[in-house]
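K.L.:
need a 3D model of the sequence below.
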Amino acid sequence: MILTELSITDVNDLKTEANNFDQHANEIKKITDQMLELVDSTISCWRGTAQSKYSNQFKGLTDDMKVIYDMCHEYYTDLVEIAKNYETAESDNEARANSLKADVNLVQG
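P.N.:
Numbers count the residues shown, from 1 in each chain. Just a heads-up that it's a prediction; the model follows:
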(Lines give C-alpha, C1' and ligand atoms only; values in the text may rest on other atoms or scores of the structure.)
Protein backbone atom coordinates (compact mmCIF):
# COMPACT_ATOMS: atom_id res chain seq x y z
CA MET A 1 0.00 0.00 0.00
CA ILE A 2 1.35 3.40 -0.94
CA LEU A 3 0.70 6.37 1.30
CA THR A 4 -0.80 9.12 -0.80
CA GLU A 5 -1.19 11.58 2.04
CA LEU A 6 0.63 11.85 5.32
CA SER A 7 0.10 14.73 7.67
CA ILE A 8 2.05 15.05 10.88
CA THR A 9 1.10 17.97 13.05
CA ASP A 10 2.83 16.82 16.22
CA VAL A 11 5.65 14.28 16.34
CA ASN A 12 4.64 13.50 19.92
CA ASP A 13 1.46 11.90 18.54
CA LEU A 14 3.67 9.41 16.68
CA LYS A 15 5.66 8.71 19.81
CA THR A 16 2.48 8.21 21.85
CA GLU A 17 1.08 5.84 19.23
CA ALA A 18 4.37 3.93 19.17
CA ASN A 19 4.31 3.54 22.94
CA ASN A 20 0.67 2.38 22.80
CA PHE A 21 1.60 -0.36 20.34
CA ASP A 22 4.55 -1.41 22.47
CA GLN A 23 2.30 -1.64 25.53
CA HIS A 24 -0.27 -3.68 23.59
CA ALA A 25 2.44 -6.01 22.34
CA ASN A 26 3.70 -6.56 25.87
CA GLU A 27 0.14 -7.15 27.13
CA ILE A 28 -0.43 -9.75 24.41
CA LYS A 29 2.77 -11.53 25.37
CA LYS A 30 1.93 -11.43 29.08
CA ILE A 31 -1.61 -12.77 28.59
CA THR A 32 -0.38 -15.49 26.23
CA ASP A 33 2.22 -16.59 28.76
CA GLN A 34 -0.41 -16.61 31.53
CA MET A 35 -2.78 -18.71 29.41
CA LEU A 36 -0.07 -21.26 28.68
CA GLU A 37 0.89 -21.39 32.37
CA LEU A 38 -2.73 -21.99 33.29
CA VAL A 39 -3.10 -24.78 30.74
CA ASP A 40 0.16 -26.36 31.90
CA SER A 41 -1.07 -26.25 35.49
CA THR A 42 -3.99 -28.54 34.59
CA ILE A 43 -1.55 -31.43 34.17
CA SER A 44 -1.47 -31.93 37.95
CA CYS A 45 -5.25 -32.47 38.18
CA TRP A 46 -6.28 -33.60 34.69
CA ARG A 47 -4.66 -36.39 32.76
CA GLY A 48 -5.53 -38.23 29.63
CA THR A 49 -6.07 -37.76 25.94
CA ALA A 50 -8.47 -34.84 26.33
CA GLN A 51 -5.96 -32.94 28.47
CA SER A 52 -3.18 -33.62 25.97
CA LYS A 53 -5.30 -32.40 23.06
CA TYR A 54 -6.40 -29.33 25.00
CA SER A 55 -2.82 -28.54 25.98
CA ASN A 56 -1.53 -29.08 22.44
CA GLN A 57 -4.23 -26.80 21.01
CA PHE A 58 -3.07 -23.96 23.24
CA LYS A 59 0.58 -24.63 22.57
CA GLY A 60 -0.24 -24.52 18.85
CA LEU A 61 -1.47 -20.96 19.36
CA THR A 62 1.91 -19.90 20.71
CA ASP A 63 3.36 -19.31 17.24
CA ASP A 64 0.29 -17.31 16.19
CA MET A 65 0.51 -15.17 19.32
CA LYS A 66 4.22 -14.60 18.71
CA VAL A 67 3.45 -13.41 15.17
CA ILE A 68 0.92 -10.91 16.56
CA TYR A 69 3.40 -9.76 19.21
CA ASP A 70 6.17 -9.38 16.62
CA MET A 71 3.87 -7.39 14.31
CA CYS A 72 2.88 -4.99 17.10
CA HIS A 73 6.48 -4.60 18.17
CA GLU A 74 7.62 -4.01 14.58
CA TYR A 75 4.96 -1.34 14.17
CA TYR A 76 6.27 0.25 17.37
CA THR A 77 9.85 0.33 16.08
CA ASP A 78 8.68 1.67 12.70
CA LEU A 79 6.78 4.53 14.35
CA VAL A 80 9.77 5.38 16.55
CA GLU A 81 12.00 5.48 13.47
CA ILE A 82 9.49 7.64 11.58
CA ALA A 83 9.35 10.05 14.54
CA LYS A 84 13.16 10.27 14.63
CA ASN A 85 13.31 10.88 10.87
CA TYR A 86 10.63 13.55 11.18
CA GLU A 87 12.53 15.30 13.99
CA THR A 88 15.77 15.17 12.00
CA ALA A 89 14.07 16.59 8.90
CA GLU A 90 12.44 19.35 10.96
CA SER A 91 15.78 20.24 12.54
CA ASP A 92 17.52 20.27 9.15
CA ASN A 93 14.76 22.45 7.67
CA GLU A 94 15.01 24.88 10.59
CA ALA A 95 18.78 25.14 10.14
CA ARG A 96 18.36 25.79 6.42
CA ALA A 97 15.67 28.38 7.04
CA ASN A 98 17.85 30.13 9.61
CA SER A 99 20.73 30.28 7.14
CA LEU A 100 18.66 32.21 4.60
CA LYS A 101 19.15 35.94 4.43
CA ALA A 102 16.37 37.85 6.10
CA ASP A 103 16.37 40.83 3.79
CA VAL A 104 16.93 40.81 0.11
CA ASN A 105 17.99 43.91 -1.82
CA LEU A 106 16.25 44.17 -5.11
CA VAL A 107 18.42 45.61 -7.83
CA GLN A 108 16.60 47.98 -10.10
CA GLY A 109 17.96 48.43 -13.48
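K.L.:
count the residues that sit near Val67.
P.N.:
10 (other CB atoms under 10 Å). Heads up, the C-betas are built off the backbone N, CA and C, glycines and all.
K.L.:
same thing with Lys84?
P.N.:
Using other CB under 10 Å: Lys84 sits among 13 other residues.
K.L.:
can you pull the contacts of it?
P.N.:
Taking CB atoms under 8 Å, 6 or more residues apart in numbering as the contact definition, Lys84 lies against nothing.
K.L.:
cutoff 10 Å now
P.N.:
Lys84 is in contact with Val11, Leu14, Lys15, counting by CB atoms under 10 Å, 6 or more residues apart in numbering.
K.L.:
Leu36 too?
P.N.:
Ser55, Phe58, Lys59, Leu61, Thr62, Met65.
K.L.:
how about the helix or strand hosting it: buried residues?
P.N.:
Following DSSP states H and E, the helix or strand that holds Leu36 is helix 11-41. Of all the residues in helix 11-41, those buried under the rule 16 or more other CB atoms under 10 Å are 14-15, 17-18, 21-22, 24-25, 28-29, 32, 36, 39.
K.L.:
how far does that helix sit from the chain's center?
P.N.:
Mean-position distance between helix 11-41 and its chain equals 10 Å (CA atoms, centre = their mean, to the nearest Å).
K.L.:
re the thing from before, buried ones from the contacts of Leu36, can you make that a PyMOL selection?
P.N.:
Command for PyMOL that selects the buried part of those, burial taken from 16+ other CB under 10 Å:
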select buried, resi 55+58+65
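K.L.:
quick one: the helix or strand hosting Glu94 to chain centroid distance?
P.N.:
Per DSSP H and E: Glu94 is located in helix 49-99. Computed by CA atoms, centre = their mean, the chain-centroid distance of helix 49-99 equals 3 Å.
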